[in-house]
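*Asks:* Structure, please.
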Amino acid sequence: MRAAYGVGPDTTAQLLVTAGSNPERMRAEAYFATLCGAAPTPASSCRTNRHHLPLGGDRAANAALYRIALVRMAGDSRTREYVARQTAAGRTNKESIRLLKRAIVREVFRCPTPTVAVPSIADLRPLRQSKNITLTVAARHFGLWPTAIPNLERGLRRDAELAGAYRDWLNAA
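*Replies:* Here you go, the predicted model:
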């Protein structure tokens, strides 16, 4: 997320806190926009066609989006061109920022869920048992507390380096 232009550590943390505290509401980008208070709702009357941001949602996340929008408006040429197009279309600066915040939500929504490869640990326990190695012997070999090995085998402890070394040691035994 930090690779996106204008997204700093504080705004990243706030958006992740907002997303993380409500994982059931993160089904789609529109839900995240609503959660951040950046989903426009119609506020039209008669011949006036306008939108406003809802009062619900996380105000701190909305403020983080606003800060990202301001940074982009000040330093990003694509954003400045976008705001100039919106101004030429007759939109106010406030409306341009609303549209920009929604575009930022679209971009940021795709960021916090990169695919991470997790090494498989399903083979460790059967391999140890087939070699008749006790948990105490394995823990003593690695200088660990005896409960560390079963926690590693059951997936309660995530340590890819230890799992690789343990697998190599079991294969060599």
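*Asks:* Quick check: buried residues in stretch 6-22?
*Replies:* 6-7, 11-12, 14-15, 18-19 (16 or more other C-beta atoms under 10 Å). C-betas here are computed from N, CA, C, even on glycine.
*Asks:* Sort out for me which of the residues you listed are in strands.
*Replies:* The members of those all map outside strands under DSSP state E.
*Asks:* can I get those in a markdown table with pLDDT and distance to residue 171?
*Replies:* Below are the buried residues of stretch 6-22 laid out as a markdown table (pLDDT from 0 to 100; distance: C-beta to C-beta, whole Å):
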| residue | pLDDT | distance to residue 171 |
| --- | --- | --- |
| 6 | 81 | 49 |
| 7 | 84 | 44 |
| 11 | 87 | 46 |
| 12 | 85 | 41 |
| 14 | 87 | 46 |
| 15 | 85 | 44 |
| 18 | 81 | 45 |
| 19 | 80 | 41 |
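*Asks:* Out of those residues, which sit inside helices?
*Replies:* 11-12, 14-15, 18-19 (DSSP state H).
*Asks:* what about stretch 125-135, distance to the chain center?
*Replies:* Relative to the chain's own centre, stretch 125-135 is displaced by 38 Å; criterion: C-alpha atoms, centre = their mean, to the nearest Å.
*Asks:* Quick one: the strands in the protein, in order.
*Replies:* Applying DSSP E to the chain gives strands spanning 41-42, 51-52.
*Asks:* Where among those strands is average confidence lowest?
*Replies:* Among the strands of the chain, strand 51-52 carries the lowest mean pLDDT, at a mean of 66.
*Asks:* All the helices of this protein, in order from the start?
*Replies:* Taking DSSP H as the criterion, the chain carries its helices at 9-20, 29-36, 59-75, 77-88, 93-109, 124-130, 135-142, 148-154, 160-172.
*Asks:* any chance of those helices in a markdown table, plus distance to residue 46?
*Replies:* As requested, the helices of the chain are exported to a markdown table (distance: least, C-beta to C-beta, whole Å):
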| stretch | distance to residue 46 |
| --- | --- |
| helix 9-20 | 36 |
| helix 29-36 | 27 |
| helix 59-75 | 28 |
| helix 77-88 | 23 |
| helix 93-109 | 18 |
| helix 124-130 | 70 |
| helix 135-142 | 75 |
| helix 148-154 | 65 |
| helix 160-172 | 63 |
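*Asks:* Select, out of those helices, the one closest to residue 43.
*Replies:* Closest to residue 43 of the helices of the chain is helix 93-109 (C-beta to C-beta; 11.0 Å).
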